[in-house]
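Enquirer: Let's see this in three dimensions:
(2 chains)
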Protein chains: 2
Amino acid sequence: MERTLLADLAGKKGETAAIQGWVSVRRDQGKMVFFDFRDRSGVVQGVTLPNSPAIEAAKEVRNEYIVSVEGKVNERPEKNRKAGVQNGDIELEITNIEILSKAEIPFELGGEVNLDTHLDHLPFTLRTERSRDIFTMQASILDAYRNSLRAQGFTEFIAPALVGGDAEGGAAAFKVDYFYDRTAYLATSPQFYKQIMVGPFERAFTVAKIFRAEKSATTRHLSEATCLDFEMGFIQNEREPMAVLEQAVKDTVRAVAEAHSDVFARFNTTVPVVPEAIPVFTLAEAQALVAKEYNRTIEDTNDMSPEDERQICEYAKKNLSSDFVFITRFPTKKRAFYTYEEPGEAPLSRGFDLLFRGLEINSGAQRIHNYEQLVARMQERGLDPKKFEYYLQAFKTGLPPHGGSSTGLERFTARMLELPNVKEATAFPRDMNRIDTLLSTDKKD
Amino acid sequence: MERTLLADLAGKKGETAAIQGWVSVRRDQGKMVFFDFRDRSGVVQGVTLPNSPAIEAAKEVRNEYIVSVEGKVNERPEKNRKAGVQNGDIELEITNIEILSKAEIPFELGGEVNLDTHLDHLPFTLRTERSRDIFTMQASILDAYRNSLRAQGFTEFIAPALVGGDAEGGAAAFKVDYFYDRTAYLATSPQFYKQIMVGPFERAFTVAKIFRAEKSATTRHLSEATCLDFEMGFIQNEREPMAVLEQAVKDTVRAVAEAHSDVFARFNTTVPVVPEAIPVFTLAEAQALVAKEYNRTIEDTNDMSPEDERQICEYAKKNLSSDFVFITRFPTKKRAFYTYEEPGEAPLSRGFDLLFRGLEINSGAQRIHNYEQLVARMQERGLDPKKFEYYLQAFKTGLPPHGGSSTGLERFTARMLELPNVKEATAFPRDMNRIDTLLSTDKKD
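Expert: Here you go, the predicted structure:
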């Protein structure tokens, strides 16, 4: 018999149907055995009656077994119907159960476990409703964000992960043993490549992997992360990439609101509020505001601290009805070397950050597009332009005024559902101490 | 004045307009200067008349300069109209030119250059019409393929690039210096992770980077490539993933046919032919067929040689009107350790390849889903199950019968436009001797 997805089962009332899926719960009541089944489309309750030919098989089945089941789709008596539950008005009266796969489980699925235990057992724990919700949400964010950029005239491209040098000059790049005893590095950003892509496409975006060898073990850092990057030509200043980003955020929030109201409810949170215009503060304004509002002093006036970020977001939520806040006018020296300085406002730059529910999820800027200026800036920063010859080709052969931004997919997902740790929003997180499971302290082989 | 995209310029006949873009060609005829301009939306011709206030500026402009231009959109006289050319019936009478960026170019864009020169200068040569066509096509393939899988019930996920071991046991994985003197590797495939994702989602797909340290310098190999991978649960055999793949191929070809008929024409090729059912041959059938058809002997009956692949495709194109061919029933020993053996037909497996215009672009199979069988197969192959404990969790805790496949994005793109080398279908190709530019022979630092 052909498989019926659980989402379609209510259309077969009174008929027999075959389903396939997981046993979420088995309740053995002696003469009868009840089941909660799930598949990719939903859930249903099943029952094996005392006279069922499947009663022996039903006794063998355990939680998380994978089964192929035949039965009759019965309408439940009025009093047993569950309102607001998928298939709450039907029940599958089981006539046959075939076990497709047994399951030996380390603990019951969906109970409280600490984060490391959860992460050590992801091949199992990704099956919890919580994990399925998070990564269903992430898939929707990805899709909506890309669709928004395409609708705004952007072309997708594939950025490389292997790069020839630790280009931005930090110590944060992983080294790779390349052919013939040469060293390559893992990209810390697709920045140079998306700027190059402004040449052919004016507007280009990429969903790229980035790798950071920083020894950081906070709730917001990963060794391997995914960024949603775009870059656009023919801008006047940073306001155009900010407007593209604002539109992408609006489109993404609208898409997840439509698709996942149930998920927001299960996470005890709400669809984020995006006003017609996301509030914009300069760094100085934002810090003056939180200093006054929270009656405290600002330690570092060159950058937003995590506390500054949380407080300005709290302020904006309360007073401006926005879950998002733009911060602009960071000092040029605190931004990447290619950041455009605001004429007449030096040392301030045309860089910006987007904060979402207390966390920076995006960083962007107008970039220097003039070849000579860019080379001069490199030299000011002690970088050797010779090492950047490939990248500099794009400028020597002409690039229009341009800018763009980069959103962290895991951070965006985490704040969407108010998850405390970005690792929970990463299907297979890597950090200093973890690749799949916790790393042993064995030395390099 | 607000910028008008060139695609919208014909709607402004008789008006003045401001455009921004690249100078593809400048023709100085003394008193008058003609230009071919391009932007992301198209092309237009411009002219600076002798009495124009822009005539001095026009004399300064060179090919590939980036400019902001104002002028009047004139209808061309009947005899000067170019049929079949975008904006062939209008001309911009230039009143002002501002140079946004000068360009110092190494050679004229679009001339014949050899592949290494092309690749050494990608920040410049990606701007050729040929490259823009290739990567516009690739963006459409990516989008269409993902849309098809989503429509077929698949959930997208992010697979990791950093892995803990060279899991499949080959010598083909790059080593990465990880934290505290530990060694990590770059993923050679997202295989294990997509199988794990069958647990939460039944149907999962990923667009993932894969890295191969093989010392291979053919026209079909890359050190870093992009794969379109999917995996699905509750299958009977390999025919279900083959059907999903066939649908994805049809949807992709339909999408690019609708969007890019002009590109196919410029590459002197045609939209690929996908019949209602893509022809399927077993390995034995395919080799017997080409041996007879091309009157030759088969050297290796365990796998298709590149010559076998070309010939079976040539045969299928001529006799079966298909640019695609499935090959099935490869020997199990020639496939990955997790490949499902065909019961009753050992040593043949439920693996398959998809060939497209003479080249394998996809490889797939039903996989072993039973924990004990999988462990036994590992041991037969001399692999240590202890090293696979994380992956094996997915099987120990239950996985349904499942299978899937992996398509090489660069190969798919290359064959779509009949490019001779897969590197041309890679925006930033990496191989044994190249990361951006050709690598020096400097030793490891």
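
Enquirer: Could I get the contacting residues of the residue lying closest to A:Ile55 once chain neighbours are set aside?
Expert: Closest residue to A:Ile55 apart from its sequence neighbours, by C-beta to C-beta, 6 or more residues apart in numbering or on different chains: A:Thr48 at 5.2 Å. Placement of C-beta: from N, CA and C, glycine included. Counting by C-beta atoms under 8 Å, 6 or more residues apart in numbering or on different chains, A:Thr48 makes contact with A:32-35, A:54-55, A:58, A:94, A:97.

Enquirer: what does A:Val25 give?
Expert: Applying C-beta under 8 Å, 6+ apart, the residues near A:Val25 are A:35-36, A:63.

Enquirer: Quick check: of these, which has the highest neighbour count?
Expert: The member of the contacts of A:Val25 that has the most neighbours, counting by other C-beta atoms under 10 Å in any protein chain shown, is A:Phe35 with 26 neighbours.

Enquirer: Shouldn't that residue be within a strand?
Expert: Yes - judged by DSSP: H, G, I helix; E, B strand; the rest coil, A:Phe35 forms part of a strand.

Enquirer: So what sits opposite the residue nearest to A:Ile55 in the bridge?
Expert: A:Thr48 forms beta bridges with A:Val33, as assigned by DSSP bridges.

Enquirer: Let me know the pLDDT of it.
Expert: Looking at A:Thr48, its pLDDT stands at 96.

Enquirer: Quick check: A:Val67 is in a strand.
Expert: Yes - A:Val67 forms part of a strand when assessed by three-state DSSP.

Enquirer: With adjacent residues omitted, what lies nearest to A:Arg40?
Expert: Excluding its sequence neighbours, the residue lying closest to A:Arg40 (C-beta to C-beta, 6+ apart) is B:Glu202, at 3.9 Å.

Enquirer: ugh, typo on my part, it should be A:Gln86
Expert: A:Gly42 (4.7 Å).

Enquirer: hang on, isn't the one you found packed against A:Ile90?
Expert: No - the criterion here is C-beta atoms under 8 Å, and A:Gly42 misses it with A:Ile90 at 11.4 Å.

Enquirer: which ones are touching the residue nearest to A:Leu142 when sequence neighbours are not counted?
Expert: In space, and not counting its chain neighbours, A:Leu142 is closest to B:Glu156: 6.0 Å by C-beta to C-beta, 6+ apart. The contact partners of B:Glu156, taken as C-beta under 8 Å, 6+ apart, are A:139, A:142-143, B:146, B:149-150, B:204-207.

Enquirer: among these, which are in strands?
Expert: Using DSSP state E, the subset of those located in strands is B:204-207.

Enquirer: Tell me the one among the contacts of B:Glu156 nearest to A:Val113.
Expert: Distance to A:Val113 across those (C-beta to C-beta) is lowest for B:Ala204, with 22.9 Å.

Enquirer: what's the spacing between that closest one and B:Ala225?
Expert: Per C-beta to C-beta, to the nearest Å, B:Ala204 is found 20 Å from B:Ala225.

Enquirer: Who has more neighbours out of these two?
Expert: B:Ala204 (31 against 20).

Enquirer: Correct me if wrong: the more buried one contacts B:Gly233.
Expert: No - counting by C-beta under 8 Å, B:Ala204 sits too far from B:Gly233 to count as a contact (9.1 Å).

Enquirer: intersection of neighbour lists for those two?
Expert: Residues touching both B:Ala204 and B:Gly233 (C-beta under 8 Å, 6+ apart): B:Val198.

Enquirer: Report the distance from the helix or strand harbouring A:Tyr390 to the chain centre.
Expert: Element membership for A:Tyr390 (DSSP states H and E) is helix A:389-396. Centroid displacement of helix A:389-396 relative to its chain, using C-alpha atoms, centre = their mean, to the nearest Å, is 32 Å.

Enquirer: where does the residue of the stretch 51-200 of chain A found nearest chain B land in three-state SS?
Expert: Ranking the residues of the stretch 51-200 of chain A by distance to chain B (C-beta to the nearest C-beta) places A:Ala103 first, at 3.3 Å. When classified by three-state DSSP, A:Ala103 comes out as coil.

Enquirer: give the contact list for it.
Expert: Listed by C-beta under 8 Å, 6+ apart, the contact set of A:Ala103 reads A:62-66, B:396-398.

Enquirer: State the distance from the residue of the stretch 301-445 of chain A found nearest chain B to B:Leu126.
Expert: Closest to chain B within the stretch 301-445 of chain A is A:Gly398: 3.4 Å, counting by C-beta to the nearest C-beta. Note on A:Gly398: its distance to B:Leu126, by C-beta to C-beta, is 13 Å.

Enquirer: Now the common contact residues for the two.
Expert: Counting by C-beta under 8 Å, 6+ apart, the common neighbours of A:Gly398 and B:Leu126 are A:Gly199.

Enquirer: Give me the phi and psi for the residue of the stretch 301-445 of chain A closest to chain B.
Expert: Taking degrees, to the nearest 10, you get phi 100, psi 120 for the backbone angles of A:Gly398.

Enquirer: which one is it nearest to, not counting chain neighbours?
Expert: Nearest residue to A:Gly398, sequence neighbours excluded (C-beta to C-beta, 6+ apart): B:Ala103, at 3.4 Å.

Enquirer: Same question for A:Val23.
Expert: In space, and not counting its chain neighbours, A:Val23 is closest to A:Tyr65: 4.9 Å by C-beta to C-beta, 6+ apart.

Enquirer: What does the pLDDT read for the one you found?
Expert: We note a pLDDT of 98 for A:Tyr65 in this prediction.

Enquirer: list the contacts for it?
Expert: For A:Tyr65, the contact set (C-beta under 8 Å, 6+ apart) comprises A:22-23, A:99, A:101-103, B:398.

Enquirer: ok, those vs B:Glu372, which is closest?
Expert: So of those, ranked by how close each gets to B:Glu372 (C-beta to C-beta), first place is A:Lys102, at 10.0 Å.

Enquirer: The closest one touches B:Leu399, doesn't it?
Expert: No - the criterion here is C-beta under 8 Å, and A:Lys102 misses it with B:Leu399 at 10.6 Å.

Enquirer: Who has more neighbours out of these two?
Expert: With neighbours defined as other C-beta under 10 Å, A:Lys102 and B:Leu399 compare such that B:Leu399 has more, 24 against 17.

Enquirer: Run a quick neighbour tally on the closest residue to A:Leu359 other than its chain neighbours.
Expert: Leaving aside its chain neighbours, A:Leu359 sits nearest to A:Arg415 (5.5 Å; criterion: C-beta to C-beta, 6+ apart). Neighbours of A:Arg415 under the rule other C-beta under 10 Å: 24.

Enquirer: pLDDT wise, what is A:Arg415 at?
Expert: If you check A:Arg415, the pLDDT there is 98.

Enquirer: Pass me the low-pLDDT residue ranges in chain A, would you?
Expert: Where chain A drops to pLDDT under 70, the residues are A:167-171, A:441-445.

Enquirer: try 50 this time
Expert: The model of chain A has pLDDT under 50 over residues A:443-445.

Enquirer: Restricting the selection to alpha carbons, write stretch A:147-166 to CSV.
Expert: C-alpha atoms of stretch A:147-166 as CSV (Å, rounded to 0.1, in the frame of the first residue of the first chain):
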residue,chain,number,x,y,z
ASN,A,147,15.0,35.5,-2.2
SER,A,148,15.0,39.1,-0.9
LEU,A,149,18.4,39.7,-2.3
ARG,A,150,17.5,38.2,-5.7
ALA,A,151,14.4,40.4,-5.8
GLN,A,152,16.7,43.4,-5.1
GLY,A,153,18.8,42.6,-8.2
PHE,A,154,21.6,40.6,-6.6
THR,A,155,23.3,37.6,-8.3
GLU,A,156,24.5,34.7,-6.1
PHE,A,157,28.0,33.4,-6.4
ILE,A,158,30.2,30.8,-4.6
ALA,A,159,33.1,32.3,-2.6
PRO,A,160,36.1,30.1,-1.9
ALA,A,161,37.0,28.7,1.5
LEU,A,162,40.6,28.0,0.8
VAL,A,163,42.7,31.2,0.5
GLY,A,164,46.3,31.9,-0.1
GLY,A,165,47.1,34.2,2.8
ASP,A,166,45.8,35.4,6.1
